[in-house]
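Enquirer: Provided below for reference: sequence and predicted model.
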Amino acid sequence: MLSVMRNVIARDLTLAWRRRADVFVSVLFFVIVASLFPLGIGPEPKLLRVIGPGVVWVAALLASMLALSRLFADDYADGTLEQMLIGATPLSMIVIAKVFAHWIAANLPLVLIAPLLGLQFGLPADALAVLALALALGTPSLSLIGAIGAALTLGLRGGGVLLALLVLPLYAPVLILGSLAVEATATGMTAQPYLLLLAAMSLAALSLAPWAIAAALRISYE
Amino acid sequence: MPSANLQNESASFNWFKYASPQAFFPLAGAIAPWFAAFAAVLFVVGLYIGFFVAPTDAQQGESYRIIFIHVPAAWMSMVIYLAMAFWAGIGLAFNTRLSGMMASALAPTGAWFTFIALWTGALWGRPTWGTWWVWDARLTSELLLLFLYFGFMALQAAIDDPRRADKAGAVLALVGVINIPIIYFSVQWWNTLHQGSSVSLKSAPTMAATMFTGMMVMVFACWAYAIAAALWRVRCIILERELRTDWVRAYLGKQT
Amino acid sequence: MLEVSNLACTRGERTLFRGVSFALEARGLLHVAGTNGSGKTSLLRILCGLGAADAGEVRWRGEPTRALREAYWREVVYLGHANALKDDLSATENLRIACTLAGRPTTAGAVRNALDSFGLAACAHLPVRALSQGQKRRSALARLALSGQAPMWILDEPFSALDVAAVSHLETLILAHVTGGGNVIFTTHQTAAIDASITQRFDLDAVAEKDPC
């Protein structure tokens, strides 16, 4: 079973690598959205420092959500997903592998580029580190919860917008904790409780979401 | 105790009998008007107590009276989501068609109550806080709850096959019901840490007995209304879904 | 080995079929016939566990397939309309991952032989997007050459888009599988040499709902 999961991860990463333009588009979207905020609000450094954590997190949320439609859509269109549904490995395991590969391809770049955006908003160095850490701990739950939405909206018309409607309200806790972590550091307090809660949420999502994703995929096929 | 056993058996038999849409349809039609009438009477009584009998609040004056609508609506918005998730879960576990229909029938009523809770909250906020909208923890979680309702309804509307719509909606409702407490507590935390408004939408600490009575009457009125509305809506859904069956044709033939 | 009892399937408001029952013993070669829209694909999807029937049951070695799940799927090969190939991967890579998913890991040599046998040796390392329609279909079918141990083959229109040589090779493969103790269920609109060996035929038009539509 583990070797199957390893193979699926390797396959999805290979595919992501051969289509690396998609990854760049996601990252670019993230950067552009975050850069638009100062244009809309004004270049006042103090204000930007206050809204910085929230803006970067919201932009990351949107970028992560936009990438979700790629998670199952291709496999659905070319019939590979069918073979996964009737494969010898439990679907929830395959789903974990797929979401993990998707996280590496679509969310890890966001984690790595986020400190740069934090710099644009004048966040102090330790807050930048916490920003990356909070994103690294929080985005797995975004991918896992988002995958449920992606599986439910598979093959539906207007799937992309619908996906946003389903998934974004569920992202609220991660957004709150993630921004609070960065803000706490920026104002000289400890970010530890928030980071621990983000990690806890990702673990909880890891234990529950795969079943929901697998069930949703089967429902979309029946 | 043979008689008790017999009763049990007949009770469980009835239960399963009404799990079929065809059997449930006339039952729903028979009880819905009762709940509607009940709701109408309770609304009149509750509003009368709320607006004419209950004393004026010492701090907030007359504007507090909106809680007679706001608080029951806010309660119902959450109770109905729970009920929706409950029926959705039953439908998913036992593959019963009627449960899915119940879940879809409850969603619009729940969304309405959520909307009313938000709207009355805003109306109350204007004289109390001097602004229509405050990012108060309760209002914010109500807003997110409204989005969850919209998501549920939009997902069901986007799916043509009713069976898939029921099951997909069920998964979403269950995911939502697990997330609601998480959302609620994180929003509450977010609110206290950002030192938002110090006034909360909770009513005055000392609540007069008549206020409490009025509120409870309104709560029961809302329950009765929600049940009546859901039953009527589920009747429409049953007719729509079973349009091709003989019994619906016979029923519609009788109507015209 | 495979028993089907009283299957019914509806799509939206339309009933595709009702009361479909048959049994397939070892060495059975079942041709599912029917006009367009008679529900051949739906039936095959229910048989392999992708679709849900509105009524009835599919049993494999006496157990309902709904309960067997992975234990059943390990013994089934399903080939649908979609080729289940990733455009960005080569035929070799596609075949390897397909076998891994099916729980039958293979070696590089076996994969090469399978592609060879379908005449794909020259383009085994090209991305599938560069292949023609027929070549894509053959890459998908090459999976069968590596699925000898799986007793149940369910093939939806396997002969479509194939040239004469590929058709005859596929027929040999199917017949060898059946004589080796396996089962094959397939649909086709072409009349082929395989007709003579068909042991069972199921005509969906015979059980179709007579519906005024």
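Expert: Nice, thanks for sending it over. Residues are numbered from 1 along each chain as shown, chains lettered A, B, ... in the order given.

Enquirer: Mind checking what secondary structure the residue most central in space within chain B has?
Expert: Note on chain B: the residue nearest the mean C-alpha position is B:Ile80, at 3.3 Å, using C-alpha atoms, centre = their mean. Here B:Ile80 is recorded as helix under DSSP: H, G, I helix; E, B strand; the rest coil.

Enquirer: pretty sure it contacts B:Ala226?
Expert: Yes - contact between B:Ile80 and B:Ala226 holds when scored by C-beta atoms under 8 Å: they sit 6.1 Å apart. All C-beta atoms are positioned from the backbone trio N, CA, C, and that covers glycine.

Enquirer: joint contacts of the two?
Expert: Here B:Ile80 and B:Ala226 have B:106, B:109-110, B:113 as joint contacts, going by C-beta atoms under 8 Å, 6 or more residues apart in numbering or on different chains.

Enquirer: Which of the residues you listed fall in helices?
Expert: Secondary structure from DSSP state H places B:106, B:109-110, B:113 of these in helices.

Enquirer: which among those residues gets closest to B:Pro21?
Expert: B:Leu106 (15.7 Å; C-beta to C-beta).

Enquirer: what residues does chain B put near chain A?
Expert: Neighbours of chain A within chain B, by C-beta under 8 Å from any C-beta of the partner chain: B:92, B:144, B:147-148, B:150-151, B:154-155, B:158-159, B:163-164, B:167-168, B:171-172, B:174-176, B:178-179, B:182-183, B:186-187, B:189-190, B:193.

Enquirer: likewise chain C?
Expert: Checking chain C against chain A by C-beta under 8 Å from any C-beta, the hits are C:48-52, C:70, C:73-74, C:76, C:78, C:80-89, C:93, C:96-98, C:100-105, C:127.

Enquirer: Drop anything exposed from those.
Expert: Those of these that meet the buried threshold are C:48-50, C:52, C:73-74, C:76, C:78, C:80, C:82-89, C:93, C:96-98, C:100-104, C:127, by 16 or more other C-beta atoms under 10 Å in any protein chain shown.

Enquirer: Give me the below-cutoff pLDDT ranges for chain C.
Expert: C:191-193, C:209-213 (pLDDT under 70).

Enquirer: can you name the two of the ones in helices among the shared contacts of B:Ile80 and B:Ala226 that are farthest apart?
Expert: B:Leu106 and B:Phe113 (10.4 Å).

Enquirer: joint contacts of those two?
Expert: Residues touching both B:Leu106 and B:Phe113 (C-beta under 8 Å, 6+ apart): B:80, B:226.

Enquirer: how near is the residue nearest to the centre of chain B to C:Leu126?
Expert: 57 Å (C-beta to C-beta, to the nearest Å).

Enquirer: next one: B:Val248
Expert: Computed as C-beta to C-beta, the B:Val248 to C:Leu126 distance reads 57 Å.

Enquirer: Check B:Ala158 too.
Expert: Separation of B:Ala158 from C:Leu126 (C-beta to C-beta): 38 Å.

Enquirer: same check, this time on B:Ala107
Expert: For B:Ala107 relative to C:Leu126 (C-beta to C-beta), the value is 51 Å.

Enquirer: who has more neighbours, those two?
Expert: B:Ala107 (24 against 14; other C-beta atoms under 10 Å in any protein chain shown).

Enquirer: For that one, which residues are in contact?
Expert: For B:Ala107, counting by C-beta under 8 Å, 6+ apart, the contacting residues are B:84, B:149, B:152-153, B:156, B:169.

Enquirer: Out of those residues, name the ones that lie in helices.
Expert: B:84, B:149, B:152-153, B:156, B:169.

Enquirer: Closest to B:Gly130 out of the shared contacts of B:Ile80 and B:Ala226?
Expert: Using C-beta to C-beta, these come closest to B:Gly130 at B:Phe113, 26.3 Å.

Enquirer: longest helix of chain A?
Expert: helix A:45-78.

Enquirer: list the contacts for whichever residue of chain C sits closest to chain B?
Expert: Per C-beta to the nearest C-beta, C:Glu13 is where chain C lies closest to chain B, at 5.3 Å. Applying C-beta under 8 Å, 6+ apart, we find C:Glu13 in contact with B:243-244.
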